[in-house]
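A.B. asks: Build me a model from this:
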Amino acid sequence: MVAGINTSADGNNSDPEGNNQVMARPEFQVTEKAKKMVTDMAGFGFRHDDIATMLEITPKTLRKHFRSELDRGAIEANQKVMKSLFGMATSGKNTSASIFWAKTRCGMRERGPERETTAATDVPKLTVELA
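C.D. replies: Numbers count the residues shown, from 1 in each chain. Take a look at the predicted model:
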């Protein structure tokens with residue numbers, strides 16, 4: 001008998017009065033605080049297993065109750081970073097951000113001076129004298 005529940009050999013669970021009872025874990029309650037935590041952690045790139053551990057639930061329960069937050073977390077984080085980068089790149093005060101934006105978003109690239117090509121026969125021969 002476990003906590004007032006009689007587990008018989010035939011697999012029936014009953015209390016001492018013979019009423020059938022099923023011991024189940026209470027249903028997980030979603031809170032706004034938990035939603036914010038999941039969105040933030042997903043945005044930072046945490047694995048589902050790690051987020052579930054922080055909430056003390058299984059990864060399956062996490063995906064069941066927080067599907068939207070898991071999907072949107074990374075998208076919202078990327079949006080915030082791009083907005084910040086765009087602001088820096090267009091302010092005229094951050095040359096590095098402007099160059100980065102031009103290279104990654106506009107397809108521009110740096111080019112070095114043009115090199116002269118020489119045929120393999122134009123390469124001077126190296127002579128080594130041993131004394």
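A.B. asks: pLDDT below threshold where in the protein?
C.D. replies: Applying pLDDT under 70 to the chain flags residues 1-23, 114-124, 131.
A.B. asks: rerun that using 90 as the cut-off
C.D. replies: In the predicted model, the chain carries pLDDT under 90 at residues 1-29, 92, 98-99, 101-131.
A.B. asks: All the helices of the chain, residue numbers only.
C.D. replies: Taking DSSP state H to define them, one finds helices in the chain at 32-44, 48-55, 59-65, 67-91, 95-105.
A.B. asks: got TSV for these, with distance to P113 too?
C.D. replies: To be clear about C-beta, it is placed using only N, CA and C from the backbone, and glycine gets the same treatment. Below are the helices of the chain laid out as TSV (distance: least, CB to CB, whole Å):
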stretch	distance to P113
helix 32-44	43
helix 48-55	49
helix 59-65	55
helix 67-91	27
helix 95-105	19
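A.B. asks: With mean neighbour count as extra columns, can I get the ones you listed in JSON lines?
C.D. replies: Output for the helices of the chain, formatted as JSON lines (neighbours: other CB atoms under 10 Å):
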{"stretch": "helix 32-44", "mean neighbour count": "16"}
{"stretch": "helix 48-55", "mean neighbour count": "16"}
{"stretch": "helix 59-65", "mean neighbour count": "15"}
{"stretch": "helix 67-91", "mean neighbour count": "14"}
{"stretch": "helix 95-105", "mean neighbour count": "13"}
